[in-house]
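>>> pasting a predicted model and its sequence here:
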Amino acid sequence: MNGTGRITILGAGFGALSTVRELRSRGCTAEITLVSPRAELHYLPGIIWIPSGRRTREDLVVPLQRFFERMRVRHVAAEVTGLKDGGRTVLTHTGEELANDALVIATGGRFIKKLPGIEHAITPCEGIAAAEQIRDRLRALSGGAIAVGFAGNPQEPAAVRGGPMFEFLFGIDTQLRQEGRRGQFILTFFNPQREPGKRLGEKAVQGILAEMQRRGIATHLGHKPVRFEAGKVVTEGGEIPADLILFMPGMTGNAWFDATELPRSPGGLIAADAQCRVQGWRHSYVVGDAGSFPGPDWAPKQAHMADLQAACAAQNLIDGLAGRPESATFKTELLCIIDTLTGGKLVWRTPARTVSLPYLRPMHWAKAHFERRYLKQYR
């Protein structure tokens, strides 16, 4: 029964590629078509090391042709524009329509860029180009003020990615110290919450704030950003001078979702159930940042979570096409290392417990080792 059906996967990020691996590892021999603009994986966790020169674009862009050959995947180079027939047909910008018997949506999320003056800020996790822009701006500055912050989606508490912003903040601080330039800069972290990154757990938040204090990084907490201007961040609580602004807005769904009848969460993501199924849609699944899933309010938007959801979706897809009950679920687990260029803080959270270690040098090496091991399966 594992050899029947046509499967279409949308996206080429962690969730999409993990779904491919999970399907094949479970003996699925069905035809798999993957739709994405390029046959490349961009390893975005590594962009935190681009400003310091420890990573380049070439280090983080992995061509996927050989992986697709090994996994017997047909790649369609296109952008998705919509769906019809209850998900059984995928529409693309080339005009090609792709029919399927099962669909997996793993196209990620989109940042909410509505604040006035947002063009004055760099949004790091938009991709490698953004990290390169940070690198170039840092090189051009002889001194000044740098403001780093993030915010969430008011309608979707889980649709936020704050961890990388702590890494950019601490990484820039370390880089400037190593270059002997830290004394020429004022670093400020801003966030609308008084306890930023609370999803990591109270102990982790306190450790992060203590690290900011230890490094002489100013904080501007508990005030919503109002707008950005050339040279400053304006919040409800005042202004922050800034020659360089790094800001990560909250996340919502892809723009092409609006051209479909996909069920949406209050925050604009695809409404999913505990089995990673699109609510009310047959043989349609969602993994990663594109979905809104049941679970605790601290559920993370991160690659590790996408991998866990991919395993769940793959098993239910196989069972669904075979006419068996779709009963697989995924565990909610936050697992990250908040890197500083010279060390790292391990945070592990499950519904049962939270572990938050102090900043340790081996954690930096562990994060780099994980990157090499993770990318090896796609090279």
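Cool, got the structure. Keep in mind the model is a prediction, meaning the values are calculated, not measured.
>>> got the residue ranges for the helices in the protein?
14-25, 57-60, 65-71, 128-140, 163-178, 202-215, 303-321, 361-376 (DSSP state H).
>>> domain map for the chain?
Listed by automatic domain parsing, the domain ranges of the chain are 6-109+253-321, 113-250.
>>> any idea what the residue nearest to residue 73 when sequence neighbours are not counted is bridged to?
Computed as C-beta to C-beta, 6 or more residues apart in numbering, the closest residue to residue 73 that is not its neighbour in sequence is residue 32, at 4.8 Å. C-betas here are computed from N, CA, C, even on glycine. In this entry, residue 32 is beta-bridged to residue 7, residue 73, by DSSP bridges.
>>> check contacts around residue 32.
The neighbours of residue 32, taking C-beta atoms under 8 Å, 6 or more residues apart in numbering as the test, are 7, 8, 9, 20, 23, 71, 72, 73, 74.
>>> centre-most residue in the chain?
When C-alpha atoms, centre = their mean is applied to the chain, the residue found nearest the centroid is residue 302 (5.0 Å).
>>> contact partners for the closest residue in space to that residue that isn't next to it in sequence?
Spatial nearest neighbour of residue 302, chain neighbours left out: residue 336 (6.4 Å); criterion: C-beta to C-beta, 6+ apart. Residue 336 is in contact with 163, 200, 300, 302, 304, 346, 347, counting by C-beta under 8 Å, 6+ apart.
>>> can I get the residues you listed in JSON lines with distance to residue 287?
As requested, the contacts of residue 336 are arranged in JSON lines below (distance: C-beta to C-beta, whole Å):
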{"residue": "163", "distance to residue 287": "19"}
{"residue": "200", "distance to residue 287": "22"}
{"residue": "300", "distance to residue 287": "14"}
{"residue": "302", "distance to residue 287": "12"}
{"residue": "304", "distance to residue 287": "12"}
{"residue": "346", "distance to residue 287": "25"}
{"residue": "347", "distance to residue 287": "22"}
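>>> please narrow those to those residing in strands.
The members of these that map onto strands under DSSP state E are 346, 347.
>>> can you turn the buried part of the contacts of residue 336 into a PyMOL selection?
The buried subset of those, as determined by 16 or more other C-beta atoms under 10 Å, is captured in PyMOL by this line:
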select buried, resi 163+200+300+302+346+347
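>>> could the contacts of residue 336 go into JSON lines alongside distance to residue 326 and pLDDT?
Shown next, in JSON lines, are these (distance: C-beta to C-beta, whole Å; pLDDT from 0 to 100):
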{"residue": "163", "distance to residue 326": "31", "pLDDT": "91"}
{"residue": "200", "distance to residue 326": "32", "pLDDT": "90"}
{"residue": "300", "distance to residue 326": "24", "pLDDT": "89"}
{"residue": "302", "distance to residue 326": "25", "pLDDT": "92"}
{"residue": "304", "distance to residue 326": "23", "pLDDT": "95"}
{"residue": "346", "distance to residue 326": "34", "pLDDT": "96"}
{"residue": "347", "distance to residue 326": "32", "pLDDT": "96"}
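>>> distance of residue 149 relative to residue 330?
Counting by C-beta to C-beta, to the nearest Å, the separation of residue 149 from residue 330 is 31 Å.
>>> pull out the buried positions in stretch 178-196.
Residues of stretch 178-196 classed as buried by neighbour count (16+ other C-beta under 10 Å): 182, 185, 186, 187, 188, 189, 190, 191, 192, 193, 196.
>>> let me fix that: stretch 27-43
Within stretch 27-43, judged by 16+ other C-beta under 10 Å, the buried ones are 28, 30, 32, 33, 34, 35, 36, 39, 41, 42, 43.
>>> tell me if I'm right that the second one and residue 5 touch.
Translated: residue 30. Yes: with contact defined as C-beta atoms under 8 Å, residue 30 and residue 5 form a contacting pair (4.7 Å).
>>> what's the overlap in contacts for these two?
101, 321.
>>> which ones among the buried residues of stretch 178-196 map onto strands?
Judged by DSSP E, strands contain the following of the buried residues of stretch 178-196: 185, 186, 187, 188, 189, 190, 191.
>>> quick check: closest non-adjacent residue to residue 171.
residue 341 (4.9 Å).
>>> and the one you found, backbone torsions?
phi 80, psi -30 (degrees, to the nearest 10).
>>> how near is it to residue 144?
20 Å.
>>> looking at the two, which has the bigger crowd around it?
Between residue 341 and residue 144, counting by other C-beta atoms under 10 Å, residue 341 is the more crowded of the two (20 against 13).
>>> which residues does the more buried one contact?
Shown in contact with residue 341 (C-beta under 8 Å, 6+ apart): 49, 52, 54, 170, 171, 174, 175, 178, 364.
>>> from those, which is closest to residue 283?
The closest of the contacts of residue 341 to residue 283 turns out to be residue 49 (C-beta to C-beta; 40.0 Å).
>>> surely that closest one meets residue 168?
No: between residue 49 and residue 168 there is no contact under C-beta under 8 Å: 10.2 Å.
>>> test my guess that residue 43 contacts residue 372.
No: Residue 43 is beyond contact range of residue 372, at 10.5 Å (criterion: C-beta under 8 Å).
>>> tell me, how many residues neighbour residue 160?
Under the neighbour criterion other C-beta under 10 Å, residue 160 is assigned a count of 22.
>>> for it, give me the pLDDT.
If you check residue 160, the pLDDT there is 83.
>>> quick check: the residue lying closest to it once chain neighbours are set aside vs residue 188, distance?
Closest residue in space to residue 160, ignoring its immediate chain neighbours: residue 152 at 3.9 Å, by C-beta to C-beta, 6+ apart. Using C-beta to C-beta, residue 152 is found at 19 Å from residue 188.
>>> where does this protein have low pLDDT?
When residues are selected by pLDDT under 70, those of the chain lie in 1-3.
>>> who does residue 346 form a beta bridge with?
Beta-bridge partners of residue 346, as defined by DSSP bridges: residue 337.
>>> for it, give me its contacts.
336, 337, 355, 356, 357, 360, 363, 366 are the contacts of residue 346 under C-beta under 8 Å, 6+ apart.
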